[in-house]
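What follows is a predicted structure for the sequence shown.
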Amino acid sequence: MNDAPVIRCTSLTKEFATVKALEDITLEVRKGELFGLVGPDGAGKSTLMRLLAAVMEPTSGNAWVASHEIVKEPERIKEKIAYMPQRFGLYEDLTVMENIVFYADIFSVPKDERPARIERLLGFSNLEPFTDRFAGQLSGGMKQKLGLACALIHTPEIVFLDEPTNGVDPVSRRDFWKILYELLKERVTIFVSTSYLDEAERCTEIGLIYEGRLLEKDTPGAIKARHAMPMIEVWSQNTRAIMQILKDHERVTGIGIYGDRLHIGIDDRNDIPDILARLSEKGHAVQEYREIAPSIEDIFFSMIGKKTHRVKNNE
């Protein structure tokens, strides 16, 4: 694998009036990686994506994408990337095929190369049966697949995807990630942002971002190993009640609700009996529990100092 970074940021900062949307972002992404920028809404993900896609200039710092500087060579960058913002510009009164052809025109894809590329993208995205359907009649997941097909028509080296699965149903989310894995096999570099922290586990490397600052960057496995902490998983029909009972417990480091399960972080494994006894005293006896490794989501909320959290969307 080529070790030269295809995306490099150095002290990248962006301010809007009195708001600092990004502060001192320094990171590298290498060719063929699926890099996930992970954080809640308002963390600065879209701002960083726009800077790297050369549609916005930084307040300070610099970045290079495909060896080109974002401020001095924006047009060179746009030739080599695909950028799919949260509201990708599909034309709802055009069919699936007409949208793809329209973007082929925009990117000046040679006429003789179009049939093979379009056939491949339709098969890739499972849109072959829907070529004559108007884009406005597609489901949210199918619109995202069409948007990706349009963005890929010019065979980019790097793909920027800004929260592509936001608001998409769980099945479509899984399908979309399968498409990204297929792109990865072709050594395309993928830079994807998401507020679904469970999606971090699907990336080769991730950056955890919060309030405009990059908290951590590494592989999911390395981050979990570095921030390992004792944690138990318990099942309950009243997860909110248990959260309320334990949220101020001095030996509990964090609590996350995952449907009918709770992840309870603790200072020491020896504290488990005391915590379970506290729940029993309050009428919530735990019959079964197991020790688990914290998820990226558990670690993220621990890092930002939030003791309790709920999963945004659980597959």
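Structure received. Just so it is clear, the structure is predicted and the values come from calculations on it, not from any experiment. Residues are numbered from 1 along each chain as shown.

For the closest residue to Thr59 other than its chain neighbours, pull up the helix or strand it's in.
Counting by Cβ to Cβ, 6 or more residues apart in numbering, Glu15 is the residue found nearest to Thr59 once chain neighbours are left out, at 4.6 Å. To be clear about C-beta, it is placed using only N, CA and C from the backbone, and glycine gets the same treatment. Glu15 is part of strand 5-16, with elements assigned from DSSP states H and E.

hang on, the earlier thing: so what's the residue nearest to Thr59 bridging to?
Note on Glu15: beta-bridge partners by DSSP bridges are Lys20.

That one: how many residues sit nearby?
Using other Cβ atoms under 10 Å, the number of residues around Glu15 comes to 14.

Just the buried residues of the strand holding Glu15, please?
Of the residues in strand 5-16, Pro5, Val6, Ile7, Arg8, Cys9, Leu12, Thr13, Lys14 count as buried by neighbour count, 16 or more other Cβ atoms under 10 Å.

Give me the contact list for it.
20-31, 35, 44, 47-48, 51-52, 56, 58-67, 157-158, 189, 191 (Cβ atoms under 8 Å, 6 or more residues apart in numbering).

Quick one: buried ones out of these?
If we count by 16+ other Cβ under 10 Å, the contacts of strand 5-16 have these buried: 20-23, 25, 27-31, 35, 44, 47-48, 51-52, 58, 61, 63-66, 158, 189, 191.

Who are the contact partners of the residue positioned nearest the centre of the chain?
With distances taken as Cα atoms, centre = their mean, Thr194 lies nearest the centre of the chain, 2.6 Å away. The neighbourhood of Thr194, defined by Cβ under 8 Å, 6+ apart, consists of Gly36, Leu37, Val38, Lys45, Glu163, Pro164, Thr165, Asn166, Ala200.

check contacts around Asp298.
Met231, Gly254, Gly256, His263, Gly265.

cool, and Phe300?
Val38, Gly39, Leu197, Leu208, Tyr210, Leu215.

And the closest residue to Lys282 other than its chain neighbours, how close does it get to Tyr289?
Nearest non-adjacent residue to Lys282, counting by Cβ to Cβ, 6+ apart: Ile245, 5.1 Å away. For Ile245, the distance to Tyr289 equals 15 Å [Cβ to Cβ, to the nearest Å].

In terms of neighbours, single out the busier of these two.
Between Ile245 and Tyr289, counting by other Cβ under 10 Å, Ile245 is the more crowded of the two (19 against 15).

Check which helix or strand that one maps to.
helix 239-246.

which helices and strands sit right next to that helix?
Counting contacts by 3 or more Cβ pairs under 8 Å, 6 or more residues apart in numbering; DSSP states H and E, helix 239-246 packs against strand 252-258, strand 261-266, helix 272-281.

residues in contact with the residue nearest to Thr219 when sequence neighbours are not counted?
Excluding the flanking residues, the one nearest Thr219 by Cβ to Cβ, 6+ apart is Glu205, at 5.5 Å. Taking Cβ under 8 Å, 6+ apart as the criterion, Glu205 is in contact with Val29, Glu33, Leu34, Phe35, Gly36, Lys217, Asp218, Thr219.

could you redo these as a markdown table and give each row distance to Lys178, pLDDT and secondary structure?
Compiled in a markdown table, the contacts of Glu205 are given as follows (distance: Cβ to Cβ, whole Å; pLDDT from 0 to 100; DSSP: H, G, I helix; E, B strand; the rest coil):
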| residue | distance to Lys178 | pLDDT | secondary structure |
| --- | --- | --- | --- |
| Val29 | 21 | 97 | strand |
| Glu33 | 18 | 96 | coil |
| Leu34 | 12 | 97 | strand |
| Phe35 | 18 | 98 | strand |
| Gly36 | 16 | 97 | strand |
| Lys217 | 25 | 96 | strand |
| Asp218 | 24 | 97 | strand |
| Thr219 | 21 | 96 | coil |
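
Go through the helices and strands packed on helix 239-246 and name the closest to Met97.
With Cβ to Cβ, the closest approach to Met97 among the helices and strands packed on helix 239-246 belongs to strand 252-258: 41.3 Å.

Flag every buried residue along that closest one.
Val252, Thr253, Gly254, Ile255, Gly256, Ile257, Tyr258.

got the contact list for that strand?
Strand 252-258 has contacts (Cβ under 8 Å, 6+ apart) with 229, 239-240, 242-243, 246-247, 262-267, 275, 295, 297-298, 301-302, 306-311, 314.

Make TSV from the buried residues of strand 252-258 and add pLDDT and distance to Arg117 to it.
As requested, the buried residues of strand 252-258 are exported to TSV (pLDDT from 0 to 100; distance: Cβ to Cβ, whole Å):
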residue	pLDDT	distance to Arg117
Val252	90	54
Thr253	88	51
Gly254	88	48
Ile255	91	49
Gly256	89	44
Ile257	90	45
Tyr258	88	41
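
Looking at the residues you listed, spot the one nearest Phe130.
Tyr258 (34.6 Å).

looking at the sheet around that closest one, what are its partners?
Going by DSSP bridges, Tyr258 is paired in beta bridges with Arg261.
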